[in-house]
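Enquirer: mind looking at a prediction? Sequence and model below.
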Amino acid sequence: MKGRATAWLWAAALAVYAFLYLPLAVVVLFSFNDSLLNAEWVGFTTRWYATLFADEQMLGAAANSLLIALTAATLATVLGTMAGMAMQRWRSGLLRCLPFLVLTPVAMPEILLGVSLLLFFRQVLDLTLGLVSILIAHITFSIGFVAIVVRTSLAMLDESIFEAARDLGAGPWQTFRRVTLPLILPAVLAGFLMSFTLSIDDFVITFFVAGVGVTTLPLQIYSMIKVAVTPEVNAVSTLLMALTLTLIALAARLAPDALKGRM
């Protein structure tokens, strides 16, 4: 009976993984398809990758995405690290509301967050939509992820380490620079990689706050698939997928316990 249950469990797991990853494998496979229509397999070619790197619109969109992702991830890492430390160490007074404020953008549906930010930028700030509005939006939804990772890392540390540093005469800044930061650095780096990954492939929120004339890589891919899914779309999707999976793997290796959600 136990062996039969194990077999069913393995079969269900394999079916779920096949459902998740077979479409991705098809995308990768057809990025090498020597057919313009991409309706059936014709033959192997790498020309679509050459076409991709010669596409000025695609390169411009990729440059925008990289600029936004790097800037947003850097600022979100700094702010998220401070928020994570505050959430872990100060839990009285007005700071009791800090976890709710920081984590709300993480739990909020993307379409709701996108609409809210659009209304805030246009009706409250009267801000012209563009790179700045995208950057602010990406920082907003990335801070919570960094804070979660950093807070989890801090929760696993022995508080006596920091007490020993204070007993030895270290001030708050010295304690942070010489004790706290080296211990949580893997979590900080993991938070940066997560923020970068979330930013570079975000579509829903970016769609609402991008404005006219500013295109990121996901928006450019969307504009292309409205006409037809060509092998060039498969090629850029394959590269974006490879980058995303690599960064997620690095983040998981740097802070495995944090990414498992052990709060």
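Expert: Arrived safely.

Enquirer: least confident secondary structure element in the protein?
Expert: helix 256-259 (a mean of 56; mean pLDDT, DSSP states H and E).

Enquirer: could you pull out the helices in the stretch 51-200 of the chain for me?
Expert: 56-89, 98-107, 110-119, 131-155, 159-167, 172-175, 181-200 (DSSP state H, counting those that start in this stretch).

Enquirer: so can I have JSON lines of those showing mean pLDDT and mean neighbour count?
Expert: From N, CA and C alone the C-beta is placed, and that goes for glycine too. Shown next, in JSON lines, are the helices of the stretch 51-200 of the chain (pLDDT from 0 to 100; neighbours: other Cβ atoms under 10 Å):
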{"stretch": "helix 56-89", "mean pLDDT": "91", "mean neighbour count": "19"}
{"stretch": "helix 98-107", "mean pLDDT": "78", "mean neighbour count": "15"}
{"stretch": "helix 110-119", "mean pLDDT": "92", "mean neighbour count": "16"}
{"stretch": "helix 131-155", "mean pLDDT": "91", "mean neighbour count": "23"}
{"stretch": "helix 159-167", "mean pLDDT": "78", "mean neighbour count": "13"}
{"stretch": "helix 172-175", "mean pLDDT": "81", "mean neighbour count": "13"}
{"stretch": "helix 181-200", "mean pLDDT": "89", "mean neighbour count": "22"}
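
Enquirer: nearest to residue 227 among these would be which one?
Expert: Checking those against residue 227 by Cβ to Cβ gives helix 56-89 as the closest, at 13.3 Å.

Enquirer: packing partners for that closest one?
Expert: helix 98-107, helix 131-155, helix 181-200, helix 217-225 (3 or more Cβ pairs under 8 Å, 6 or more residues apart in numbering; DSSP states H and E).

Enquirer: could you dump those helices to CSV with distance to residue 231?
Expert: CSV is the format used below for these (distance: least, Cβ to Cβ, whole Å):
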stretch, distance to residue 231
helix 98-107, 36
helix 131-155, 28
helix 181-200, 22
helix 217-225, 11
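
Enquirer: compare those helices and give me the one nearest residue 9.
Expert: helix 131-155 (29.0 Å).

Enquirer: phi, psi of the closest residue to residue 31 other than its chain neighbours?
Expert: Among residues not flanking residue 31 along the chain, residue 234 sits closest, at 3.7 Å (Cβ to Cβ, 6 or more residues apart in numbering). The phi and psi values for residue 234, taken as degrees, to the nearest 10, are phi -60, psi -40.

Enquirer: list the contacts for residue 234?
Expert: Residue 234 is in contact with 27-28, 30-31, 33, 38, 48, counting by Cβ atoms under 8 Å, 6 or more residues apart in numbering.

Enquirer: ok, so of these, who is nearest residue 132?
Expert: For the contacts of residue 234, the nearest to residue 132 is residue 27 (32.5 Å; Cβ to Cβ).

Enquirer: that closest one against residue 239, yeah?
Expert: No: between residue 27 and residue 239 there is no contact under Cβ atoms under 8 Å: 10.9 Å.

Enquirer: so which of the helices and strands packed on helix 56-89 is nearest residue 74?
Expert: Short answer: helix 181-200, nearest of the helices and strands packed on helix 56-89 by Cβ to Cβ, at 7.2 Å.

Enquirer: angle of the closest one against helix 131-155?
Expert: 140 degrees (axes from the mean of the first three to the mean of the last three Cα atoms, to 10 degrees).

Enquirer: select, out of the helices of the stretch 51-200 of the chain, the one closest to residue 13.
Expert: Closest among the helices of the stretch 51-200 of the chain, using Cβ to Cβ: helix 181-200, at 25.0 Å.

Enquirer: just the CA trace of the closest one, in PDB.
Expert: Taking C-alpha atoms only, helix 181-200 is exported to PDB below (Å, rounded to 0.1, in the frame of the first residue of the first chain):
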ATOM      1  CA  LEU A 181      26.600  43.500   7.700                       C
ATOM      2  CA  PRO A 182      29.200  40.700   7.200                       C
ATOM      3  CA  LEU A 183      26.800  38.200   8.800                       C
ATOM      4  CA  ILE A 184      23.800  39.200   6.700                       C
ATOM      5  CA  LEU A 185      25.700  40.000   3.500                       C
ATOM      6  CA  PRO A 186      24.600  36.700   1.700                       C
ATOM      7  CA  ALA A 187      21.000  37.700   2.500                       C
ATOM      8  CA  VAL A 188      21.500  41.200   1.200                       C
ATOM      9  CA  LEU A 189      23.100  39.900  -2.000                       C
ATOM     10  CA  ALA A 190      20.200  37.500  -2.400                       C
ATOM     11  CA  GLY A 191      17.700  40.300  -1.900                       C
ATOM     12  CA  PHE A 192      19.500  42.300  -4.600                       C
ATOM     13  CA  LEU A 193      19.400  39.400  -7.000                       C
ATOM     14  CA  MET A 194      15.700  38.800  -6.300                       C
ATOM     15  CA  SER A 195      14.900  42.500  -6.800                       C
ATOM     16  CA  PHE A 196      16.900  42.600 -10.100                       C
ATOM     17  CA  THR A 197      15.000  39.500 -11.300                       C
ATOM     18  CA  LEU A 198      11.600  40.900 -10.400                       C
ATOM     19  CA  SER A 199      12.300  44.200 -12.000                       C
ATOM     20  CA  ILE A 200      13.800  43.000 -15.300                       C
END
